[in-house]
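Colleague: build me a structure from this.
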Amino acid sequence: MKHLSVLAVVLAMSVAGALEVGVASVDITPDTALFRVPMGGYGARMGRPATGAHDPLKAKVLYFRDGGTRMALITCDLRSSTPEFKGLIAKLCAELGLSAANIMIAASHTHDGPSMYPEKFWQMQFGKYDPAMLREMAEKTASAVREAAANAAPARVGEGSCPAEGMTRNRRWGYDQAAREAAGETPLTNPVLRVLRVDGMDGACRALLVNFASHPTILSDKNMLLSAEWPGVLQRELEAAFPGAVALYTNGAQ
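Modeller: Below you'll find the model as predicted:
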């Protein structure tokens, strides 16, 4: 619902004709040679750390400016975000006049990303929390926010969608999707993939923001390499199809 609210606000700003948008992308993959990187997503890993990286983890930014209003949407190839992560980013970007309330962080929920809960219950099953690793990722993400703010320019925003029935399944505990479908029920899954497109005033595509509810769990708990999972593949394919554009992904309620 929050992502739909962002869409509504951005479209309204775009219609008003005063919208400026900046975009940026940065690699935030923690170095497994420097950090003992706990992997989030599967308790079956028993706290074992990542042994390397299968593909890069990215933080990407859509920065919106409308007169005195500023907002940053940050998407990250992480299992989840934390107040500590957001707080660090807000502090590091304080000179932009961007309040923490106007920073939204959307983790893709990849089950092959680093876990970063600061000594809380959930961290116990994933391994020891490392504040130095968290700070490094926050610093890199903040640099992307500053870059996006610096390249903000007048933009047009539009939205579209495409059917995606059968592309995911409901992983809710006790929900037998196969049995329900056999009984003729419509499964409780996301049937539509939605896209927000940002164009420069010259018509060139600058960013594509995709929203689709699905767990990034293709690689399973046997994998010990950091990965952005299928959302990473989706974004790389979109960026190849739209040269010069930044593709971002947000997950949905599942």
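Colleague: the closest residue to Gly200 other than its chain neighbours: which element?
Modeller: The shortest distance from Gly200 to any non-neighbouring residue, by C-beta to C-beta, 6 or more residues apart in numbering, is to Arg206 (5.4 Å). Using the backbone N, CA and C atoms, a C-beta is placed for each residue, glycine as well. Assigned by DSSP states H and E, Arg206 belongs to strand 205-211.
Colleague: which stretches in the protein count as strands?
Modeller: 20-27, 52-53, 58-66, 69-76, 103-107, 153-163, 192-200, 205-211, 225-226, 246-250 (DSSP state E).
Colleague: nearest to Leu96, of those?
Modeller: strand 69-76 (6.9 Å; C-beta to C-beta).
Colleague: residues contacting Ser99?
Modeller: Ala90 (C-beta atoms under 8 Å, 6 or more residues apart in numbering).
Colleague: give the buried residues for the longest helix along the chain.
Modeller: Ranked by residue count, the top helix of the chain under DSSP state H comes out as helix 131-150. The neighbour-count criterion (16 or more other C-beta atoms under 10 Å) identifies 133-134, 136-138, 140-149 as the buried residues of helix 131-150.
Colleague: quick check, nearest of those to Arg236?
Modeller: Looking across these and measuring by C-beta to C-beta, the closest to Arg236 is Ala144, at 17.1 Å.
Colleague: was I right to think that closest one contacts Val61?
Modeller: Yes. In this structure, Ala144 is within contact of Val61 by C-beta atoms under 8 Å, at 4.8 Å.
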